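*Asks:* Just to be clear, the model below is a prediction. Sequence and coordinates:
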There are 2 protein chains.
Amino acid sequence: MIVKGKHYKTVWLEGNTVKIINQAVLPHKFEITECPDHQRTARAISTMIIRGAGAIGTAAGFGMAQAVLEAPEKDFEAYIRNARTSLRNTRPTAQNLFYSIERVFRCIQETTDPEQARIRAVMEAEAIALEDINACKQIGEIGAKLIQNNFKVLTHCNAGWLAFTDWGTALSPIYVAKREHKNIFVWVDETRPRFQGARLTAWELQEEQIPYAVIADNAAGFYMQRGEVDLVIVGSDRIARNGDVANKIGTYEKAVLAKEHDIPFYVAAPTSTIDWDCTHGGDIPIEERSESEVVSVTGRDEVNNLRTVFIVPEGAKARNPAFDVTPAAYITGIITEKGIVAPEKLAKLKNK
Amino acid sequence: MIVKGKHYKTVWLEGNTVKIINQAVLPHKFEITECPDHQRTARAISTMIIRGAGAIGTAAGFGMAQAVLEAPEKDFEAYIRNARTSLRNTRPTAQNLFYSIERVFRCIQETTDPEQARIRAVMEAEAIALEDINACKQIGEIGAKLIQNNFKVLTHCNAGWLAFTDWGTALSPIYVAKREHKNIFVWVDETRPRFQGARLTAWELQEEQIPYAVIADNAAGFYMQRGEVDLVIVGSDRIARNGDVANKIGTYEKAVLAKEHDIPFYVAAPTSTIDWDCTHGGDIPIEERSESEVVSVTGRDEVNNLRTVFIVPEGAKARNPAFDVTPAAYITGIITEKGIVAPEKLAKLKNK
C-alpha cells in the first residue's frame, strides 16, 4: 500500500537484510527496522515489531532464507536446523509462521549443493511473500461482494495490510469495496491489550480515507444492539480442519455477540492459515503473553515521545491470553483466495 | 473500608465542605479532594473525581445540602433551584444522582424557615449516605449466599466500596464471603475506556487481600469458555421498572456471554437505583463521553508522575458511549437490600 506517496510492503528482503515496518511504534512513528541476520528477524517476530498472521509468515520465510545465506558450509545443515527451531519458537499460535518455515526448509532438502540451496531458499521465501499478496488481493475481491453500499462493518484487531505482506485479509474487502465507490463505515475495536485496532487499523483506514471510529472493545455489543453493525469481518492466526478459528483475544466475544444479533460473522484468511493437522480448535496452543501488556500502555506523550504508563496499583496481578478460539458454529463463512466456504465445509478446499 | 489503617467513606460532609476520595488519581495517589461549595461538588461529579452509582448519589445529596447552606436568604429558593439543575446536569445516566437530589430538594419544601431548611437538608443528605451504607452491607450479606467456596467470580467496572459510600454492591458479597472464610478468586475486567476495573477494583481487592487477576475486557469470554467463571456480578447505574439494567459499557457483552455459557449473571444494586418512572431500558439516556477517554490513557510513569499518552494516530476518530443496557432476559437476578429478585418480578419490591 501507499505510505507518504511511496509503495511499501510490510516486510522485504534486501541483500541479506530483512527490512520490516516497525509496527511496535506505529502510528506514532513510521520506521523501518533492519534485521541483518536471522536472529534479529526472529527477535522482531517475538517482540512484535512485526505481527499479524501473514506478515509473520513472510518474515519467517525471509528469516529462514537469511539462515541459509548465513550458514557456514562446514556446518550447513545444523545451522539451518537451529535457525528453524529458533524461528519456530517466536510465536506459538500463528499457523503461517510454521507454514513458511517448513516450506523454505523443505525446498532446500532437495539439493546438497549450498549454492543451489541459497538460491532456492531466497526464491521460495519470495514466492511465499508473493503468494500472500496475491491471496490477500483475491480475498479482497471475493469479500467485497459481501459489502453493500452504506454498510457499517465491525473489525477486531488488525488484519489489514500491516498484518500481511500487502492488502491484508479482513480489511482487503473493505479496500476493494472503497475502490468500487461503495460508502463504507468501519467500527474499529481498539483491541486490548496491545491496541492493534486503535493503532494500526485506525492508521490504515485513515491513510485510505475510509470513515471509521475507534471504540472500546466493550462498545461493540452496544452498537450491535442498536442495529449499527451490518457485518463483522476478522482475520485469523490459525484455522483448524473443522473450521474452528484462532484469532486475537476478544474475537470469540464478538462472534457470540454477532450470533445473538443475527449479524453475519466472516473470517478472512488465505488457505495457508489452515492447519490441516489440527482436528479442532482445542488443539491450537494459545500464547499467554506478559502481564506487562495488560498493566501498562505505551503511547506518545504531548511532545511526541513514546512513553509507557502504568494503569494498575503497584503489585497488581494480571492474565494475558493473546488469542482465543471461535468455534465453527459461530462463523458464517471463511473468505479465502479460493472462495467463501462455510467453516464445516473447509475440507473442500484441501485439494482445490 | 480501611485504607492504610484508617476508616474511610468515599465522600463525606465536614462543615460546609464536601470531602471526596479522588478516584481520578487512584490507585496511583490517595488524595482527598475538598469541595468548598456545591459548584465544586458538581464539577467533581462531572469530571469523575467521584464516580459510581451510590457515591454519585451521596455526593449529589451533600451538594444539595451545601447549596441550602450557601443560599442567600433573599434569594433562597431560586439559588437552590439553580443548584439542583446544575447538579442534575452532571451525569445523565445515574439514577442515584436524581434520587438524592430530589430527596433533599423535597425535604426542604416542607418548611419556609431557612434555618429549618438548612438543618433538614444536612440531615437528609446524611440519611441518604447512611441508607446507602446499610443497603450495601445488606446486599453483601444476601449476595454472599450465592458465592460457594472456591468460586471464581467475574466482575466488570468498579461496583466496590469506592462506587458507593462504603461496602459497594457487586464487590460487597465478595467482601462478606471473604469474612466467612470462603476462598474466592475474582476476574477483574479492566473496563475500558476508563479502566475502573484495573485501577479501582484491583486496588480494592488488593487492599482486602482477595486473589484476583486483571484481564483485558476481551479475555472474559475466553475464561468463560474454559469453565473458569462460576458467577458474574456487576453493579448498575439505573434499573428500569421492567428489570432492564443500565451499567458501564461492556456489561451487556458480558451478560450475553454469560447466558451463552449458562453462567449465572447477577446485578447488585440498592433499590434506590430503580427508576420506577422508566418503563424499559430503551428510555434510559446513555451518556456519550469525550473521545479523549478512548484515544488516550492516563497512568503513572516510571517516576510515579501521572501522565497521559495517546494511542491512536493523530486526528483519529472515536466514539465513547459510557453505558449500555442489559435486557432483563439476560439477568439471573437482582441482588438488593430487600432480597434477590428475578428482574421481571422487580415490581414486587416497590412497596416492600
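*Replies:* Received the coordinates, thanks.
*Asks:* Stretch A:158-175 near chain B anywhere?
*Replies:* No. Contact of stretch A:158-175 with chain B (Cβ under 8 Å from any Cβ of the partner chain) is absent, the minimum separation being 12.3 Å. Quick note: C-beta positions are derived from backbone N, CA and C, even for glycine.
*Asks:* Can you show me the helices along the stretch 101-250 of chain A?
*Replies:* Along the stretch 101-250 of chain A, counting by DSSP state H, counting those that start in this stretch, helices occupy A:114-143, A:172-179, A:196, A:202-207, A:220-225.
*Asks:* and the first one, what does it pack onto?
*Replies:* The reference is to helix A:114-143. Where contact means 3 or more Cβ pairs under 8 Å, 6 or more residues apart in numbering or on different chains; DSSP states H and E, helix A:114-143 is packed against strand A:11-14, helix A:53-70, helix A:95-109, helix A:172-179, strand A:265-268, strand A:333-336, strand A:339-341.
*Asks:* Between helix A:172-179 and that helix, find me the angle.
*Replies:* Between helix A:114-143 and helix A:172-179, the angle comes out at 60 degrees (axes from the mean of the first three to the mean of the last three Cα atoms, to 10 degrees).
*Asks:* got the contact list for the closest residue to A:A67 other than its chain neighbours?
*Replies:* For A:A67, ignoring the flanking residues on the chain, the nearest one in space by Cβ to Cβ, 6 or more residues apart in numbering or on different chains is A:A83 at 3.3 Å. With contact set as Cβ atoms under 8 Å, 6 or more residues apart in numbering or on different chains, A:A83 has these partners: A:38, A:42, A:63-64, A:66-67, A:70-71.
*Asks:* Pull out the buried residues from those residues.
*Replies:* For the contacts of A:A83, a neighbour count by 16 or more other Cβ atoms under 10 Å in any protein chain shown gives the buried set as A:38, A:42, A:63-64, A:66-67, A:70-71.
*Asks:* What is the nearest of the residues you listed to B:M1?
*Replies:* Taking Cβ to Cβ as the measure, B:M1 sits nearest to A:A42 out of the buried ones among the contacts of A:A83, at 48.8 Å.
*Asks:* tell me the SS of the closest one?
*Replies:* Going by DSSP: H, G, I helix; E, B strand; the rest coil, the secondary structure assigned to A:A42 is helix.
*Asks:* ok so, going back, look up phi and psi at the residue nearest to A:A67.
*Replies:* Geometry field for A:A83 lists phi and psi as phi -60, psi -40, criterion degrees, to the nearest 10.
*Asks:* still on that earlier bit, can you tell me which of the helices of the stretch 101-250 of chain A is most buried?
*Replies:* Of all these, helix A:196 has the most neighbours on average by mean count of other Cβ atoms under 10 Å in any protein chain shown, namely a mean of 27.
*Asks:* do it and chain B meet at all?
*Replies:* No. In terms of Cβ under 8 Å from any Cβ, no part of helix A:196 sits within range of chain B; the closest distance is 10.6 Å.
*Asks:* For A:Y266, which non-adjacent residue is spatially closest?
*Replies:* Of all residues beyond its chain neighbours, the one nearest A:Y266 is A:I233 (4.9 Å), with distances taken as Cβ to Cβ, 6+ apart.
*Asks:* Same question for A:V295.
*Replies:* Once flanking residues are discounted, A:V295 sits nearest to A:V312: 4.6 Å by Cβ to Cβ, 6+ apart.
*Asks:* residues contacting that neighbour?
*Replies:* Remark: with contacts taken as Cβ under 8 Å, 6+ apart, A:V312 is in contact with A:294-295, A:318, B:27, B:198-199, B:202-203, B:214.
*Asks:* domain parsing for chain A?
*Replies:* According to automatic domain parsing, chain A is divided into the following domains: A:2-137, A:143-349.
*Asks:* ranking the ones you listed by burial, who's on top?
*Replies:* With neighbours defined as mean count of other Cβ under 10 Å, the domains of chain A peak in mean count at domain A:143-349, which reaches a mean of 22.
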